[in-house]
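Trainee: With the sequence up front, the predicted model follows.
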Amino acid sequence: MSRTRRQPNFVAFISTGVILGFVVGSFVGSRGPVMTEYGHSYTSGSAVMFIGVLGACVFGLLAAVVAVLLDRRG
């Protein structure tokens, strides 16, 4: 009997990482208005978008690395 190899679904891994990263980044960004060292301030909406998109990119990349490692293991 032949054993079938299971492969991770890359789209599911990456999209889950992106959504999770945006949620975490949005939570961190919603902690209040951000003041820079130069005296500029961002509104909480801008901070949520900037940090949310950054979190989505980082978590999406990490999820892609995990998916590749799982694919190589099998």
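Mentor: Structure's in. What do you need? Residues are numbered from 1 along each chain as shown.

Trainee: Moving C-terminal from the lowest-mean-pLDDT helix or strand in the chain, which element do we reach first?
Mentor: Every helix and strand of the chain was ranked by mean pLDDT, DSSP states H and E. The lowest is strand 34-35, at a mean of 70. Sequence-wise, the next helix or strand downstream of strand 34-35 (DSSP states H and E) is strand 41-42.

Trainee: Buried residues, whatever helix or strand comes next after that following strand. List them.
Mentor: Per DSSP H and E, the first helix or strand lying C-terminal to strand 41-42 is helix 44-73. Under the neighbour-count criterion of 16 or more other Cβ atoms under 10 Å, helix 44-73 has Ala47, Val48, Met49, Ile51, Gly52, Val53, Gly55, Ala56, Phe59, Gly60, Ala63, Ala67 buried. C-beta here means a position set from N, CA and C on the backbone, and glycine is covered the same way.

Trainee: try stretch 11-29
Mentor: Buried, per 16+ other Cβ under 10 Å, within stretch 11-29: Phe13, Ile14, Gly17, Val18, Leu20, Gly21, Phe22, Val24, Gly25, Ser26, Gly29.

Trainee: any idea how far the residue lying closest to Leu70 once chain neighbours are set aside lies from Gly29?
Mentor: If the residues on either side of it in the chain are set aside, Leu70 comes closest to Pro8, at 4.7 Å by Cβ to Cβ, 6 or more residues apart in numbering. The spacing between Pro8 and Gly29, counted by Cβ to Cβ, to the nearest Å, is 30 Å.

Trainee: next one: Arg6
Mentor: 37 Å.

Trainee: same check, this time on Ala47
Mentor: Shown here: Ala47 relative to Gly29, a distance of 4 Å by Cβ to Cβ.

Trainee: Phe13 too?
Mentor: For Phe13 relative to Gly29 (Cβ to Cβ), the value is 24 Å.
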